[in-house]
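>>> whatever this is, show me its structure:
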Amino acid sequence: MGRLFVLAKFVLIGLVLDAVVYGQPCASVPLPQSGTLLVSVGNSIMTIRLGPGHASLKPLFTSKGGTLSGLLPVPTMHRVFATDVVAQTGGGSLFELDRDGSSYRKLHTFRPANVDLQTLAANPSGILPVGNLAVNKQGTLFGCCYLGGGGGTGLVYSIKSNGDRFKVIHTFLKLNHLGINRGGAEPKRGVLLGADGWLYGICSAGGTHGVGTIFKLSPTTQQFRTVYNFPNLNHRYRNSSGCNPHSLTLMGDGTLVGTTFHGGKFGGGTLYQISGNGTDFRVLHSFGASRSDGINPGSIVLTPAGRVFGVTEWGGKGYAGTLYRYGPDKDSYAVLARFTFKSRRSADVGANPVSISRAWSKGVLLITSIAGEFNHGALSFYSTRTRSLVPLLAFKN
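Numbers count the residues shown, from 1 in each chain. Coordinates of the predicted model:
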């Protein structure tokens, strides 16, 4: 897609930032202690940096291979690891950069066997590398492929940070004619590395009831365990705990907190928590209880105090998504902001928010939306101190 261009003006918490970027937002990751946020936009990575009285935007890297699908800065190694996907073929690559965007090096290429979809899905080394990347203290990277493997339903891989020793450490099983298998299928959100050394992730499909699972995997012994099978939906597309898990986060004590995109008491998805060993599953909130509540929740962030902030892609009074808060007190759920669709010519905070991350300063959240002023997404900030939602960037294709 070429270079990023800075074209228009927005005001951010009293700061003037000249910025309209070509592309569509994919992910945002704060760099600890640096005051910088990495954002992947289509096939490009950029940095946003705030300082006293100013804000700056810098294009860092543009992939020639495809759309960025995973992003992992590792400050201790002064490196950034990322994956991209070629939509036409399902192939892609894992690569590394210096933190300034220089010294590009491809670590691994995911190669589809040919253009036949059945063969693509069953590619033993995986296709469509997506989601969170994780790295351990020994410098081994871990990630997921959405499809491929022996069963065609995805896999988990490991690779040394220098590109050596690529290895498939788990392959998800083939689905039967009812969409059911043991363990889950399609791990589109990648993996998280727990303090106990296990990898944790979610599958959006498969499992005992065909609507997704939470799993854990030992990278040393390759022992795989299903932490939770989400239950069947009834005739109204509802169930007790949600289905099609959509995000997952680890708390310091090993508790898993996540969201499901569908199901729950009202059918609009759930916010849940569960222990790492699969006990004590609890629904924290079922979305869609009222017209003003959001539905179809996306990613979440946790604060050190145990408070959850998250976004929903749809719902709310404007039916364009919401920003919400849960905790730390029991059942203290609140909608903080509701998104609306506006004229394409009006500068706004975007619509249909899909991801959220903690920014540099305390109480500031970065929100990524897939619709906006130019219909190609937007970034906005929410300040928990001023309770204000402010436009930052609008993306243009």
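>>> average pLDDT across whichever strand or helix holds residue 313?
Counting by DSSP states H and E, the element that carries residue 313 is strand 308-315. Model confidence over strand 308-315, given as mean pLDDT, is 95.
>>> and that strand, how far out from the chain middle?
In terms of CA atoms, centre = their mean, to the nearest Å, the gap separating the centre of strand 308-315 from the centre of its chain is 13 Å.
>>> in the protein, where is pLDDT below threshold?
Within the chain, the set of residues satisfying pLDDT under 70 comprises 1-35, 50-55, 113-121, 330-331, 343-347, 359-362, 372-375, 396-397.
>>> what ranges do the helices span in it?
In chain order, the chain shows helices spanning 117-121, with DSSP state H as the criterion.
>>> contacts for the strand holding residue 313 next, please.
The contact list for strand 308-315 (CB atoms under 8 Å, 6 or more residues apart in numbering) reads 247, 257, 259, 268-269, 271, 284, 287-288, 293-303, 320-327, 336, 352-356, 365, 367, 370. Where C-beta positions appear, they are placed from N, C-alpha and C, glycine not excepted.
>>> the residue nearest to residue 68 when sequence neighbours are not counted: neighbouring residues, count only.
With sequence-adjacent residues excluded and distances taken as CB to CB, 6 or more residues apart in numbering, residue 68 is closest to residue 40, at 4.0 Å. Using other CB atoms under 10 Å, residue 40 has 27 other residues around it.
>>> who does residue 40 bridge with?
Listed beta-bridge partners, residue 40: residue 27, residue 45 (assigned using DSSP bridges).
>>> what distance do you get for it to residue 260?
Distance check for residue 40 against residue 260: by CB to CB, to the nearest Å, it reads 25 Å.
>>> do residue 295 as well
Residue 295 sits 11 Å away from residue 260, taking CB to CB as the criterion.
>>> now do the shared contacts for the two.
With CB under 8 Å, 6+ apart applied, the overlap between the contact sets of residue 295 and residue 260 consists of residue 269.
>>> who's more crowded, these two?
With other CB under 10 Å as the criterion, residue 295 and residue 260 differ in neighbour count, and residue 260 comes out ahead with 29 against 23.
>>> so who does the residue nearest to that one when sequence neighbours are not counted touch?
The shortest distance from residue 260 to any residue other than its chain neighbours is 3.0 Å, reached at residue 242 (CB to CB, 6+ apart). Counting by CB under 8 Å, 6+ apart, residue 242 touches 230, 259, 260, 261, 262, 263, 264, 269, 270, 272, 283, 286.
>>> can you pull the contacts of the second one?
When contacts are counted by CB under 8 Å, 6+ apart, residue 259 is found next to 242, 245-247, 269-272, 297-300, 310.
>>> my guess is residue 57 meets residue 48, correct?
Yes: if you go by CB atoms under 8 Å, residue 57 and residue 48 touch, sitting 5.7 Å apart.
>>> how much space separates residue 269 from residue 214?
To residue 214, residue 269 is 15 Å away according to CB to CB.
>>> and those two? which has more neighbours close in?
residue 269 (30 against 25).
>>> that one reaches residue 247, doesn't it?
No: distance between residue 269 and residue 247: 10.3 Å, which falls outside the contact criterion (CB under 8 Å).
>>> quickly list what's touching both of these two.
With CB under 8 Å, 6+ apart as the test, residue 269 and residue 247 both reach 259, 297.
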